[in-house]
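Trainee: Next comes the sequence, and after it the predicted model I'd like to discuss.
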Number of protein chains: 2
Amino acid sequence: MRIGLDVGGTKTDAVALDPSGALAGRVRVPTGWGASAVIRTIVEAVALLREDAGIPADEVASIGIGIPGQVEPGTARVVHAVNLGVAELDLYDAVGASLGAPIRVENDVKAAALGASALHGGSGSMAYLNLGTGVAAGIVHNGALIRGVRGTAGEIGHISIDPNGPLCPCGQRGCIEALAGGGSLAQRWGSPGVHPVSDVFSAADAGDARARDLRAGLARAVAAAVRVLVLTVDVDVVVIGGGLTGLGAPLLADVSAELAASAAASPFLRSLRLEERIELLPSGSPAAAVGAALIGDTAGTEVVAHG
Amino acid sequence: MRIGLDVGGTKTDAVALDPSGALAGRVRVPTGWGASAVIRTIVEAVALLREDAGIPADEVASIGIGIPGQVEPGTARVVHAVNLGVAELDLYDAVGASLGAPIRVENDVKAAALGASALHGGSGSMAYLNLGTGVAAGIVHNGALIRGVRGTAGEIGHISIDPNGPLCPCGQRGCIEALAGGGSLAQRWGSPGVHPVSDVFSAADAGDARARDLRAGLARAVAAAVRVLVLTVDVDVVVIGGGLTGLGAPLLADVSAELAASAAASPFLRSLRLEERIELLPSGSPAAAVGAALIGDTAGTEVVAHG
């Protein structure tokens, strides 16, 4: 059995995959805040999953952990996991011994890309575009993740698509993330609310000009991200996930309309059939945790049954 | 011996690589215009190279051909080789039998990427950015070319970086190619001349405002292309080649200055050290022909001595 954990800002999703790759168990627990609470969350989630799915300790082959931070290639050292209140944490030191199985750690978006690829049938060429507080992608090529020489592959949120666009906290103007990141959208919208981007969509539907502008910018930036992924790596499909995909059909409709408009203006873009190459990750998909279980899987492409 | 040909718009560069990967011969011949003249050029270049380097027919293991057009994956069918006056050509049918060795065909920019990677020591993670009439890149990951599912990987010239930028023949505005492609620059400059982009640089040095604007746009777009390549695939190095690199040091200085300016404004970009990750392909480099010889080479990473 391989165990995979997706440690999110509010909850941690844990799955077990049997040797055939099928989902053999799944539990979700709230994530604690700060390094020691995150460590406790990981240990508890693994214990609960093993109990729930009846997995003896000696049957756990590996435990993969997807975490929203930078992970130093080939290590379990996490830095800048700001959404978890973690500045720096070495998961080998913290939980390596107590979990009783080899651990592997990866950035959560990259892990989700592996999982989305596996759940997609492992066709081997796809990108996972995460629209959360920030925007980043994970790219799977020939069934394996492209990490890059310094681990910054997929950081397309900081590609500028408009020199006169909004200022990004990164220091550039018009970054994809400045237009399509939930954090930037909430800040530019300015009004408090539990779901600020959802409020923007509602206000735009009600005719608010500023909301329509923000919403149009979101669609434009997501469409640009899709173009960047297809024109650079030519992935077969771009699966869009992350918190903002809770907006559901209206978001997909906006992005599709933007891609259709650019295809109407450009025969070159039309030939790429981009509208047919995007999908939303289904709500509640275990992709990120499944991908965490597959981290370091040298077999590459792998078919995993939908749970 | 493996033979590689780079069929360019004006000349064809042909090289022979011995089994160790070392350059064993090189000839250059003018390229004819139109399908039958291109076929003759290929046959003559191979014959001349074999004679010049003293290679018996039975010692030619393979002949790779890099050609400036679209090549259907896994075939020798070339379409839209507009700079050669070739609308459509199947090189298997045309020269497959007469050359007496298995032939392999690849888009010239992708072949040049393979060659630049090999000449670079085959470190396995690099991009070749071609600045010619158009702009496109070839990306080498883990020593192998990323072709993509439809062969459009590396077509980053048609990523828009400015919604208010110049109109690109592709139908979009502000494409990297509309700002940095030799064809677009020559058209926007408007004055006739043998080396229009060189004229733009001279006029900019002399203070011409429109030339300075075009020259600044070129630097901005090349810097954007470097960012796209590093933020998407995180290649170790971007080697810049193609006709425009005949501009030499002033071009590299402009692009470096643009990357330095954006790094000064953005701590994130600064951390990527992009100025240290770009290089110009040396003038006269046999990279494209060497890469053509390596097409389909399953060994992946390979060290080839500089010729």
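Mentor: Looks like it came in fine. The structure presented is a predicted model; accordingly, all values stated were derived computationally and were not measured.
Trainee: quick one, domains of chain A?
Mentor: With domains defined by automatic domain parsing, chain A comprises A:2-114+A:285-294, A:122-280.
Trainee: Could you point out which of those sits nearest residue B:234?
Mentor: Residue B:234 lies closest, by CB to CB, to one member of the domains of chain A: domain A:122-280, at 2.1 Å. No exception for glycine: its C-beta is placed from N, CA and C like everyone else's.
Trainee: need the residues of the stretch 51-200 of chain A near chain B, please.
Mentor: A:125, A:137, A:139, A:141, A:146-156, A:158-164, A:170-172 (CB under 8 Å from any CB of the partner chain).
Trainee: hang on, the earlier thing: for the domains of chain A, could you give me TSV that also reports mean pLDDT and mean neighbour count?
Mentor: Output for the domains of chain A, formatted as TSV (pLDDT from 0 to 100; neighbours: other CB atoms under 10 Å in any protein chain shown):
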stretch	mean pLDDT	mean neighbour count
domain A:2-114+A:285-294	94	20
domain A:122-280	95	20
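Trainee: So for residue B:296, which of the ones you listed sits nearest?
Mentor: Here domain A:122-280 is closest among the domains of chain A (CB to CB), at 15.9 Å.
Trainee: which element is the residue nearest the centre of chain A on?
Mentor: Residue closest to the mean C-alpha point of chain A, counted by CA atoms, centre = their mean, is residue A:109 at 3.5 Å. Following DSSP states H and E, one finds residue A:109 within helix A:108-119.
Trainee: Now do the strands in the stretch 201-307 of chain A.
Mentor: Assignment of strands within the stretch 201-307 of chain A using DSSP state E, counting those that start in this stretch yields the ranges A:237-241, A:278-280.
Trainee: hang on, the residue nearest to the centre of chain A packs against residue A:154?
Mentor: Yes. Here residue A:109 reaches residue A:154: they are 6.7 Å apart, a contact under CB atoms under 8 Å.
Trainee: can you list residues touching both of the two?
Mentor: Common neighbours of residue A:109 and residue A:154 (criterion: CB atoms under 8 Å, 6 or more residues apart in numbering or on different chains): A:136-138.
Trainee: Please tell me how far the closest residue to residue A:177 other than its chain neighbours sits from residue A:129.
Mentor: Of all residues not flanking residue A:177 in the chain, residue A:157 sits nearest, at 3.4 Å (CB to CB, 6 or more residues apart in numbering or on different chains). Separation of residue A:157 from residue A:129 (CB to CB, to the nearest Å) stands at 9 Å.
Trainee: between those two, what contacts are shared?
Mentor: With CB under 8 Å, 6+ apart as the test, residue A:157 and residue A:129 both reach A:135, A:225.
Trainee: what helix or strand is residue A:88 on?
Mentor: strand A:86-90.
Trainee: ok, and what's touching that strand?
Mentor: Contacts of strand A:86-90 (CB under 8 Å, 6+ apart): A:34-35, A:38-39, A:69, A:75-81.
Trainee: strands paired with it, and their directions?
Mentor: With DSSP bridges as the test, strand A:86-90 is paired with strand A:77-81 (antiparallel).
Trainee: how far out from the middle of the chain is the helix holding residue A:109?
Mentor: 8 Å (CA atoms, centre = their mean, to the nearest Å).
Trainee: after it comes which helix or strand?
Mentor: Next along from helix A:108-119, by DSSP H and E: strand A:125-131.
Trainee: what distance separates that next one from the centre of its chain?
Mentor: Counting by CA atoms, centre = their mean, strand A:125-131 comes out at 7 Å from the chain centroid.
Trainee: how big is the angle separating that strand from strand A:237-241?
Mentor: Angle, strand A:125-131 to strand A:237-241, by axes from the mean of the first three to the mean of the last three CA atoms, to 10 degrees: 30 degrees.
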